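Asker: Have a look; sequence and predicted model below, questions after that.
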Amino acid sequence: QVQLVESGGGLVQPGGSLRLSCAASGVILSIRTMGWYRQAPGKQRELVATITRGDSTGYGDSVKGRFTISRDNAKNTVYLQMDSLKPEDTAIYYCNADITARFGFTNNYWGQGTQVTVSS
């Protein structure tokens, strides 16, 4: 069974940094696009960043220049380096990935989410 497990969330002051990690586990043949999304209270889930297997990246407008997504294909892990954090970055951050698992079927998976709170 394929799972995505996030880590690295927490409380940080405005202007600070956090690094999120998301590791995929299970019988995995390959992972295509990986990404991070977030959902703040009372708001819809929104795209934060995506990265393809070939390391092409995309970012939501609100995080461009402050957040950096990367991945380690050997470890089936995606990272999100968050710098210059603002209170409006407070949200639950979710990992997402398109994973080809046993028998060759590709499905989209979500992690359970990790809370990021930016507050003084």
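Answerer: Sure, I can see it.
Asker: OK, contacts around the residue nearest in space to the middle of the chain?
Answerer: By C-alpha atoms, centre = their mean, the chain has its centre lying nearest to residue 36, at 2.9 Å. When contacts are counted by C-beta atoms under 8 Å, 6 or more residues apart in numbering, residue 36 touches 20, 22, 48-50, 69, 78, 80, 93-96. Glycine gets a C-beta too; all of them are placed from N, C-alpha and C.
Asker: Recalculate using a threshold of 7 Å.
Answerer: Neighbour list for residue 36: 20, 48-49, 69, 80, 93, 95 [criterion: C-beta atoms under 7 Å, 6 or more residues apart in numbering].
Asker: How about residue 27?
Answerer: So residue 27 contacts 101-102 (C-beta under 7 Å, 6+ apart).
Asker: how close does it get to residue 106?
Answerer: 13 Å (C-beta to C-beta, to the nearest Å).
Asker: Skipping its backbone neighbours, what lies nearest residue 7 in space?
Answerer: residue 21 (5.1 Å; C-beta to C-beta, 6 or more residues apart in numbering).
Asker: And the pLDDT at residue 1?
Answerer: Residue 1 is assigned 88 on the pLDDT scale.
Asker: wait, it sits on residue 26?
Answerer: Yes. Counting by C-beta atoms under 7 Å, residue 1 does reach residue 26; the two are 5.5 Å apart.
Asker: Tell me which of these two has more neighbours.
Answerer: Counted by other C-beta atoms under 10 Å, residue 1 and residue 26 do not tie: residue 26 has more neighbours, with 13 against 7.
Asker: neighbours of the nearest residue to the more buried one once chain neighbours are set aside, just the number please.
Answerer: Nearest non-adjacent residue to residue 26, counting by C-beta to C-beta, 6+ apart: residue 2, 3.8 Å away. A count of neighbours around residue 2, defined by other C-beta under 10 Å, yields 17.
Asker: Next: residue 4.
Answerer: When neighbours are defined as other C-beta under 10 Å, residue 4 has 23 of them.
Asker: who touches it in this structure?
Answerer: With contact taken as C-beta under 7 Å, 6+ apart, residue 4 is in contact with 22, 24, 95, 97, 109-111.
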